[in-house]
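In: What would the 3D arrangement of this be:
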Amino acid sequence: MLPRALTLSALLALLLAIYLALAPARLSCRCRSWEQCWPSLEAWSHLNASLNSHLVDLRPIASVCHEPILDQPACDIVRRMSNSGRWRTGQPGALINSFWESGFGSNETCSLSSGQENLCHQGRIPLYAAVVESTQEVQTAVKFAREHNLRLVIRNTGHDGAGSSSGPDSFQIFTHRLSDILYHENFRITGSNTSVGPAVSIGAGVLFGDLYVHGGQKGFIVTGGDSATVGAAGGFTQGGGVPGFLGHTWGLAADNVLEFEIVTATGNLVIANAGQHPDLFWALRGGGGGTFGVAVRVTMRTYPDHPAVKSTISITGDGQSPSFWSEGIAGLLTVLQSLNRQGTAGVFRLWQTPAGLLGASTEVYFLNQTEVKDASSVIKSTLGNASDIYIISSNALDTLSSDVEADAPTINELFGSTLVSNGLFQSESGPKLIAERMSQIGLNDGEWILTSNLGGQVNDNKRANTPLHPAWQSSAQLVSLVVNVDTAPGARDRAMRRLTNELMPRLYALDPSQRVSYRNMGDPNEPHFKEVYWGATNYDRLVQIKRDWDPKDLFISRVGIGSERWDFEGFCKV
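Out: Reported below is the predicted structural model:
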C-alpha cells in the first residue's frame, strides 16, 4: 500500500493534468446556461439596470399556451397573430422562418399545435434578449457578451434562412426598436467634404415596408427587398441585398450603401465608409450580417419613386408535357431576355400547384410609363404568334413604392440559389436550355422557383467594391429555389438533406459554368460556402478583416465568415 502522502500527491498531479488537458477545450467553447461560468442572476439584474430595464427573460411565443405558465388571453392573441410576419418581427421570441425556433432534439420545441398539458421547451430561442433602444444599449450588451463569453446572436426581423437569428443557450441583441429614418437631400460622407446627393439614414430595425411608405411620402425609393417585413439595414443589405428587379436598374442594395455605423466586438462605435475604415466598409457590403459587428445605422442612396406599368405574362400547364417547357417556360424566359436587352427588368416565377399542375409567370416593370395599353403592346409584340398560349395583364402603379404589401405571412421555407451567366441567358439557345434544365429540378407541392434580375447596373458597378463572388460581374439572373418545410417531427432535417443532396446539384446544373450562390438565399448546409458565396480570394480577405475586428469570433453566423472554425450552433471550436 502506498503512503498516504504519496497517494495524495499522485491524485493532485492527476487532477492537475486533467485540468490542464481540459482547460484549452473549455476556453474554446462559449459558456452554457448550466455551467458555473454562466452569469449569475445578480449579473443579469445589473445588466438590466444598465439597459434601462430593456433585458427580457425570453420564452418562445407559444409558452403562454402551455402549462405551467398557461395564460389563455395571451394565448388567444398569439394564436390570432402568429401568422403575421409584421407581428413576428416585433417579438424577440419568434422568427419569420418559424421552424428555426425548434431545437434539433425530438422534443426541443414549443408548438401552438400541441396540447396545453405538453411541456414547452426553449428550443433555439435565446434565454435572454437585450431589447435595445439606443446605440449605447447595444454597446453595453456587446461588452456583457464578450466579458461573459456568451454565444451572441443578432436579431432584427428573424428572416435569416440559415437560422442565424437564434440559437440555444444564447444571448440575443434585438435591434427592432432602432427605427429612426432620416432623409438627406445631399448627404455628406462622414470625415470628408464629399457630397453624394440624395440618401437616407436608417436605424437597424427599420423594415423595408416602413421605409417604402416613408419614401413614398417624400418621393424616393431605395433598392430593397420585395417583402415588407425584411429589415433594410440588417443581413439583407450586409449579405449583398438582391432586389427583385430593381438591381438591373440601380444595382444591389450593398452597392448603394454609403456608410455604416457599427458596434464592434470591443463595444466601440465605428463609422465605416470608403474613406474611414475602408476594409471594414468593403466587408460589410456583402460579407454577411451578424459577422463583423452590430450595424446600428446604415446610410444608402435613394432614387426617384417612379410611376410604372407592371405587366404579367402567365401560363399553367402539365409539367410532364415537353412542350410546356420547350414552348411555355422557354417563351417566358425569352420575353425576359428580350426586354432586358431593351433596359426593362422583371422577375420569373415557377410553382407547383395543389392540383398537380405547374404555374409560371414573368412580371416586367416599365419604369416611367403610365399607359397600360403601351406596355401590353410591347409584350404582345415581343411574344409574337406565341401570345395566344399566355394570359397577359397589365396595371399602372402610381409609384414603385406602392407595389409592396403591408404585411407578409410567417414562412417555413428553406432556400437555395445559383447565378446564371450573361453568356448563357443572353444566348439564342439560353432560354430553352434553362427551361429544359429547370424541368429536371422536381418541385413538390407549394415549392417554387423565382429569379432576381441582375445584369444592367449590377454588372456595371465595380464588383471589386464588394466582397461578393466575382461572377456577379457577368451574371444575368439569380435563380432561387424555395422549399417547403412541414411541421412534422424531423421534417426540417429531411428537407435540409433533400435540399443539399438532391435539389442543389440540379439547381447548379442550370449553368454549370458558374456554381455560384447568394448567401441570403443559400443552402444552410452548403458544403462549399467559401467558394460559392465569395470565392477563395475574397474569402481570405474577409477572414483577415474579421480577425482584425473580431479576433475572438464574438460574432459567428452559420455559413458565415470564420464559421468553419465552429460547430453548427457556434458554441465550440472544431
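In: What's the separation between residue 367 and residue 344?
Out: 8 Å (CB to CB, to the nearest Å). Backbone N, C-alpha and C define where each C-beta goes, glycine included.
In: So for the two, which sits in the more crowded spot?
Out: The neighbour comparison of residue 367 against residue 344 (other CB atoms under 10 Å) goes to residue 344, with 24 against 17.
In: Next, give phi and psi for that one.
Out: phi -100, psi 130 (degrees, to the nearest 10).
In: contacting residues for it?
Out: 364, 365, 366, 367 (CB atoms under 8 Å, 6 or more residues apart in numbering).
In: Okay, and which of the residues you listed map to strands?
Out: 364, 365, 366, 367 (DSSP state E).
In: Contact partners for the last one?
Out: Spelled out, that is residue 367. Residue 367 neighbours (CB under 8 Å, 6+ apart): 249, 306, 308, 344, 400.
In: Going by distance to residue 438, which of those wins?
Out: Residue 438 lies nearest to residue 344 out of those, by CB to CB, at 22.3 Å.
In: Could I get the pLDDT score of that closest one?
Out: Looking at residue 344, its pLDDT is 96.
In: What segments of the stretch 151-300 of the chain are helices?
Out: 208-218, 235-238, 247-250, 278-284 (DSSP state H, counting those that start in this stretch).
In: okay, these in JSON lines with distance to residue 436, mean neighbour count and mean pLDDT next?
Out: Below are these laid out as JSON lines (distance: least, CB to CB, whole Å; neighbours: other CB atoms under 10 Å; pLDDT from 0 to 100):
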{"stretch": "helix 208-218", "distance to residue 436": "35", "mean neighbour count": "20", "mean pLDDT": "96"}
{"stretch": "helix 235-238", "distance to residue 436": "32", "mean neighbour count": "28", "mean pLDDT": "97"}
{"stretch": "helix 247-250", "distance to residue 436": "25", "mean neighbour count": "23", "mean pLDDT": "96"}
{"stretch": "helix 278-284", "distance to residue 436": "39", "mean neighbour count": "21", "mean pLDDT": "99"}
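In: For residue 453, which of the ones you listed is the nearest?
Out: Per CB to CB, nearest to residue 453 of these: helix 247-250, 4.3 Å.
In: From the chain's centroid, how far away is that closest one?
Out: Taking the mean of its C-alpha atoms, helix 247-250 sits 20 Å from the chain's own mean (CA atoms, centre = their mean, to the nearest Å).
In: about what we covered before: select, out of the helices of the stretch 151-300 of the chain, the one closest to residue 326.
Out: Closest among those, using CB to CB: helix 247-250, at 26.2 Å.
In: list the helices and strands the closest one packs on?
Out: strand 345-352, strand 448-453, helix 456-460 (3 or more CB pairs under 8 Å, 6 or more residues apart in numbering; DSSP states H and E).
In: what comes into contact with that helix?
Out: Against helix 247-250 from outside (CB under 8 Å, 6+ apart): 223, 256, 301, 303, 340, 345, 367, 452-458.
In: okay if I get the residues you listed as JSON lines plus distance to residue 263?
Out: Below are the contacts of helix 247-250 laid out as JSON lines (distance: CB to CB, whole Å):
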{"residue": "223", "distance to residue 263": "25"}
{"residue": "256", "distance to residue 263": "22"}
{"residue": "301", "distance to residue 263": "24"}
{"residue": "303", "distance to residue 263": "29"}
{"residue": "340", "distance to residue 263": "40"}
{"residue": "345", "distance to residue 263": "36"}
{"residue": "367", "distance to residue 263": "38"}
{"residue": "452", "distance to residue 263": "30"}
{"residue": "453", "distance to residue 263": "34"}
{"residue": "454", "distance to residue 263": "32"}
{"residue": "455", "distance to residue 263": "36"}
{"residue": "456", "distance to residue 263": "35"}
{"residue": "457", "distance to residue 263": "31"}
{"residue": "458", "distance to residue 263": "30"}
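In: Which two of these have the greatest separation?
Out: 301 and 340 (22.5 Å).
In: Need the pLDDT of residue 315.
Out: The predicted local confidence for residue 315 is 97.
In: ok, now residue 532?
Out: pLDDT, residue 532: 98.
In: One more: the one 3 residues further on?
Out: Predicted confidence (pLDDT) for residue 535: 98.
In: Skipping adjacent residues, who's closest to it in space?
Out: residue 469 (4.6 Å; CB to CB, 6 or more residues apart in numbering).
In: Now distance to residue 54 too, for the helices of the stretch 151-300 of the chain, in JSON lines please.
Out: Output for these, formatted as JSON lines (distance: least, CB to CB, whole Å):
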{"stretch": "helix 208-218", "distance to residue 54": "21"}
{"stretch": "helix 235-238", "distance to residue 54": "22"}
{"stretch": "helix 247-250", "distance to residue 54": "37"}
{"stretch": "helix 278-284", "distance to residue 54": "25"}
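In: Out of those, flag the one nearest residue 36.
Out: helix 235-238 (33.8 Å).
In: Tell me which other helices or strands that closest one touches.
Out: Against helix 235-238 (3+ CB pairs under 8 Å, 6+ apart) you get strand 294-301.
In: Following the strand it packs on in sequence, what is the next regular element?
Out: strand 303-304 (DSSP states H and E).
In: Tell me which strands that next one pairs with, and in which orientation.
Out: Here strand 303-304 has these sheet partners by DSSP bridges: strand 220-221 (antiparallel).
In: Closest one to residue 135 out of the contacts of residue 367, please.
Out: Nearest to residue 135 among these, with distances taken as CB to CB, is residue 400, at 31.5 Å.
In: backbone phi and psi for the closest one, please?
Out: phi -60, psi -40.
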